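Asker: this is a predicted model, with the sequence first.
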Amino acid sequence: MQLIDGKAVAEQVKQEIAAEVAQMTAQGKRAPHLAAILVGHDGGSETYVANKIKACAVCGFKSSLIRFEETVSEAELLAAIDRLNRDDEVDGFIVQLPLPKHIDEQKIVEAIDYRKDVDGFHPVNVGRACIGLPSFLSATPAGILELLRRYKIETAGKHVVIIGRSNIVGKPLANLLMRKDYPGNATVTVVHSYSTDIKEQCLSADIIVCALGRPHFLKEDMVKPGATVIDVGTTRVPSTQTKSGFKLTGDVDFDAVAPKCAYITPVPGGVGPMTIVSLMKNTLLAGAKAIY
Ligand code: GUN
């Protein structure tokens with residue numbers, strides 16, 4: 001069994017990005033600039049955004065954080081998005097989700113200029129990715145592809161089972177793994193809460209991607225010997241062992257599943273660090289005007 005070290009790969013990719021930024025600035029170009037809008041004080045969102053800002057510093061990017069209280073109106077948020085859309089000094093920006101209930105998330109996502117949508121959530125980017133056109137790829141699927149690439153895991157003709165059909169992981173990942181490229185050319189099955197044969201599908205899978213958000217869902221008796229298991233789960237569960245009072249738990253019963261696998265990602269330190277790196281890659285592309 002080989003552990004897929006997402007943390008180490010992420011550090012390496014950030015160094016590669018930093019080297020490209022150094023080249024850009026040596027040529028007199030300005031460094032890429034990522035802005036983030038954060039609404040409210042949700043603990044998870046605070047941590048994610050802080051980590052994104054930190055990653056920008058490592059990559060040599062400029063970053064800006066725009067904060068609003070939980071009570072911000074949709075109109076105020078849309079006005080902030082409009083300003084960022086028009087700001088030539090901002091290459092890409094994100095609005096950290098989830099948003100308070102009184103705000104229509106889809107409306108917010110669609111208000112972002114798709115040419116600055118480094119999250120890859122705008123329907124233009126989702127649609128272009130789906131038919132294989134250059135676009136900003138959604139961070140988690142892009143991070144998973146990068147891990148498969150760096151560990152040279154074969155996908156052509158392999159059976160990939162994705163557990164979970166979310167718009168930001170399951171659906172876009174299924175599309176990417178079907179494309180005529182590497183990593184891709186896979187036979188992809190997506191299973192979800194209405195599927196009646198999840199165990200059977202998983203047992204025939206060469207690669208299982210678990211993205212349903214239920215701790216320890218994937219058990220040892222659901223995995224074929226020699227399979228690759230990618231764990232996207234990051235449920236915060238209470239813990240007395242950590243300073244923060246919680247720990248991140250994956251969707252895979254890691255201790256029981258790992259001995260059966262060819263490759264497996266841990267939680268934390270697997271897919272998680274790669275999602276931030278994907279955002280950095282998109283920001284680099286946005287700064288270089290490489291896609292639009
Ligand atoms: N909330 C959880 N993950 C993400 C993400 O990748 N982007 C944004 N904008 N919000 C999130």
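Answerer: Yep, it's here.
Asker: residues contacting Lys247?
Answerer: For Lys247, the contacting residues are Arg236, Val237, Ser239, Gln241, by Cβ atoms under 8 Å, 6 or more residues apart in numbering. (C-beta placed from N, C-alpha, C; glycine too.)
Asker: highest neighbour count among those residues?
Answerer: When neighbours are counted as other Cβ atoms under 10 Å, the busiest of the contacts of Lys247 turns out to be Arg236, with 15 neighbours.
Asker: closest to the ligand among the contacts of Lys247?
Answerer: Nearest to the ligand, judged by Cβ to the nearest ligand atom, of these is Arg236 at 12.4 Å.
Asker: which ones among the contacts of Lys247 map onto strands?
Answerer: Arg236, Val237 (DSSP state E).
Asker: pull the most distant pair out of the contacts of Lys247.
Answerer: Across the contacts of Lys247, the longest distance by Cβ to Cβ is 13.5 Å; it joins Arg236 and Gln241.
Asker: quick check: closest non-adjacent residue to the residue of the stretch 151-292 of the chain found nearest the ligand.
Answerer: Nearest residue of the stretch 151-292 of the chain to the ligand, counting by Cβ to the nearest ligand atom: Thr275, 6.1 Å away. Residue nearest to Thr275 in three dimensions, not counting chain neighbours: Ala139, with 4.3 Å by Cβ to Cβ, 6 or more residues apart in numbering.
Asker: cool, Arg149 as well?
Answerer: Closest residue to Arg149 in three dimensions, ignoring its sequence neighbours and counting by Cβ to Cβ, 6+ apart: Pro183, at 6.0 Å.
Asker: mind checking the SS state of that neighbour?
Answerer: Pro183 falls in the coil class when you classify it by DSSP: H, G, I helix; E, B strand; the rest coil.
Asker: was I right about it contacting Ala142?
Answerer: No. Counting by Cβ atoms under 8 Å, Pro183 does not reach Ala142; the two are 10.7 Å apart.
Asker: which neighbours do these two share?
Answerer: Common contacts of Pro183 and Ala142 (Cβ under 8 Å, 6+ apart): Leu176.
Asker: for the ligand, what's the nearest residue on the chain?
Answerer: Residue nearest to the ligand within the chain (Cβ to the nearest ligand atom): Leu97, separated by 3.7 Å.
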